[in-house]
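Visitor: Next come a sequence and a model predicted from it.
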Amino acid sequence: MKSIYKYQCLFLMILLCGACKKEFLDKKPSSNILTPTTLVELRSLLEASDVISSTGGLPQISADEYLILSTSNYLALPNAVQRNGYIWSKELYDGEEVNDWNLPFRQIFYANSVLDVLNRSSFADKKESDIIRGWACFVRAYAYYDLARNFCKVYRAETADTDLGLPLRLKPDVDVSEKRSSLKKTFNQIFDDLNIAAALLDASVPPLNKNRPSKTAVMALKSRIYLYMGDYNNAELYADSTITYHNKLINYNNVSTTSDTPFGYNADEVIYQTTHLVAYSATSGTGNRLDIEVNPEIYLLFEQNDLRKSIFFRTNSLGKINIKRGYVGAGSYPFTGLATDEIYLIKAECLARKGDAIAAIDKLNQLLINRYKTNLFLPLTATSPADALQKILNERRKELLWKSLRWSDLKRLNRDGENIILTRSINNVTYTLPPGDPRYVFPIPNQEITLSGIQQNPR
């Protein structure tokens with residue numbers, strides 16, 4: 001990891017040289033090459049959305065939300081990662097750079113750099129200082145969770161003490177290599193950071209700056225993480241807290257069904273804005289695509305009066321279904337952040353899992369009535385908690401399509417016994433990914449293993 005962090009430090013130096021006044025640059029003979037010294041400069045690091053506001057793309061290209069149309073389209077993919085990711089190959093990277101690992105650690109480096117200055121300095125504006133501290137802690141937690149759901153096994157309480165977690169870097173030192181912690185320690189660190197962020201950040205979601213976290217975003221992220229962990233009591237608790245602060249749902253009757261960019265930036269439902277990192281556009285990009293299609297199995301789940309059928313999708317010149325751009329305005333890469341629709345679905349799922357089918361379906365219907373044509377929505381009903389859960393999971397698959405959540409859903413649902421088997425076919429060869437397969441955990445880049453000596457994930 002030394003080379004990665006030296007690269008990050010150089011990246012930070014370039015950013016600061018371009019974004020801040022020369023006099024704030026404090027040259028150091030140690031590994032702390034450059035250090036910001038004012039709150040404005042600290043905030044500028046966290047506002048670097050090209051670094052901070054991205055999440056990994058591997059879960060999107062490996063999930064079952066799309067199909068490549070032909071063998072020739074598959075062979076024409078621009079890099080090995082997309083080809084290998086599509087068929088869940090054990091050898092995933094073929095020596096290519098892996099920003100799914102590097103970028104979150106760069107985000108962590110930025111956060112650590114900010115926190116290091118705050119810990120060594122005293123600022124007159126305590127309120128601003130506290131907000132920046134909370135922001136940095138949120139960024140670090142968000143990055144570590146993104147890494148954990150991609151590069152670690154799915155969380156199991158009974159094995160978390162011994163399952164491999166992540167190298168926990170809590171200081172900006174570039175010359176120190178950390179070994180992998182346990183998965184439990186990794187998640188404990190994530191929650192420690194989120195608890196600090198919750199105490200320091202403002203409650204309300206910034207209406208025009210959704211790259212900035214809030215206490216609401218902390219609650220929403222906790223709800224997402226606890227759902228992934230299988231802790232449904234806490235997932236529901238934090239879903240309730242999120243909805244208390246931010247319960248906005250978009251009435252899709254007021255959204256264009258013909259535009260390829262139906263949502264603007266800062267859509268009302270968005271709580272915290274991140275997008276899929278700039279990579280793998282051939283398999284995860286949005287808009288007119290002649291080489292891939294949305295998985296027909298998912299598209300056929302949408303009823304005729306469901307506005308999402310025209311707002312989410314477009315038909316290309318081959319008659320195949322492509323995904324439009326979601327809560328990212330005109331951005332080409334998918335939205336992967338936190339939004340109210342996900343929180344309603346978490347709340348509904350948790351209610352179903354504790355046996356309250358009526359309340360679960362009622363919460364689901366509160367979301368769905370905003371997705372159907374006016375006066376044409378027939379509220380769902382359920383005959384049992386199991387029936388309610390299945391309906392909610394179907395809606396989760398539809399509503400959260402192309403938001404990089406399906407891969408972690410597959411991991412947790414198979415942990416809980418759903419037995420979902422993925423298959424794909426290329427050149428008359430069928431590839432299969434069974435539940436619990438080691439390939440659900442992405443390998444750590446070989447360069448990282450060579451430099452730091454940390455333990456590799458089995459494939």
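Guide: Perfect, thanks for sending it. Residues are numbered from 1 along each chain as shown.

Visitor: from here on, contacts and neighbour counts on C-alpha atoms
Guide: OK.

Visitor: quick one: the residue lying closest to Gly453 once chain neighbours are set aside and Gln456, what's the gap?
Guide: Leaving aside its chain neighbours, Gly453 sits nearest to Lys179 (7.7 Å; criterion: C-alpha to C-alpha, 6 or more residues apart in numbering). Distance of Lys179 to Gln456, given as C-alpha to C-alpha, to the nearest Å: 11 Å.

Visitor: And for Val278?
Guide: 25 Å.

Visitor: go on, Gln107?
Guide: Relative to Gln456, and taking C-alpha to C-alpha, Gln107 is found at 22 Å.

Visitor: ok, back up a step: wouldn't the residue nearest to Gly453 be in contact with Pro167 here?
Guide: Yes: using C-alpha atoms under 8 Å, Lys179 is in contact with Pro167, at 5.3 Å.

Visitor: contacts for stretch 357-373?
Guide: With contacts defined as C-alpha atoms under 8 Å, 6 or more residues apart in numbering, stretch 357-373 is touched by 249-253, 305-308, 341, 344-345, 347-352, 377, 379-385, 388-389, 392.

Visitor: and those, which are buried?
Guide: Using 16 or more other C-alpha atoms under 10 Å as the burial test, the contacts of stretch 357-373 include 249, 251-252, 305-308, 341, 344-345, 347-352, 381-382, 385, 388-389, 392 as buried.

Visitor: Would you map the strands across the stretch 51-200 of the chain?
Guide: Secondary structure of the stretch 51-200 of the chain, counting by DSSP state E, counting those that start in this stretch: strands at 54-55, 66-68, 164-167, 180-182.

Visitor: looking at those, which is buried most?
Guide: strand 54-55 (a mean of 26; mean count of other C-alpha atoms under 10 Å).

Visitor: what pairs with that one, and is each one parallel or antiparallel?
Guide: strand 275-276 (parallel) (DSSP bridges).

Visitor: mind listing what the residue nearest the centre of the chain touches?
Guide: Residue closest to the mean C-alpha point of the chain, counted by C-alpha atoms, centre = their mean, is Thr336 at 4.7 Å. Thr336 sits next to 55, 273-276, 403-405 when contact means C-alpha under 8 Å, 6+ apart.

Visitor: same thing with Ser332?
Guide: 285-287, 325.

Visitor: so which of those is the most crowded?
Guide: If you count neighbours using other C-alpha atoms under 10 Å, the busiest of these is Arg325, which has 26 neighbours.

Visitor: Please settle this for me: is that residue part of a strand?
Guide: No: read with DSSP: H, G, I helix; E, B strand; the rest coil, Arg325 is coil and lies in no strand.

Visitor: any idea how far it is from Arg308?
Guide: 12 Å.

Visitor: cool, Asp146 as well?
Guide: 27 Å.

Visitor: ok, Arg140 - contacts?
Guide: Per C-alpha under 8 Å, 6+ apart, neighbours of Arg140: 107-108, 111-112, 190, 193.

Visitor: Same check on Leu67?
Guide: 292-295, 424.

Visitor: Mind doing that once more with 10 Å?
Guide: Neighbour list for Leu67: 61, 74, 86, 283, 291-296, 424-425 [criterion: C-alpha atoms under 10 Å, 6 or more residues apart in numbering].

Visitor: Which members of these are classed as buried?
Guide: 61, 74, 86, 283, 291-295, 424.

Visitor: quick one: which of these is nearest Leu237?
Guide: Nearest to Leu237, judged by C-alpha to C-alpha, of the buried ones among the contacts of Leu67 is Ile61 at 31.6 Å.

Visitor: Surely that closest one and Thr283 touch.
Guide: Yes: if you go by C-alpha atoms under 10 Å, Ile61 and Thr283 touch, sitting 6.0 Å apart.
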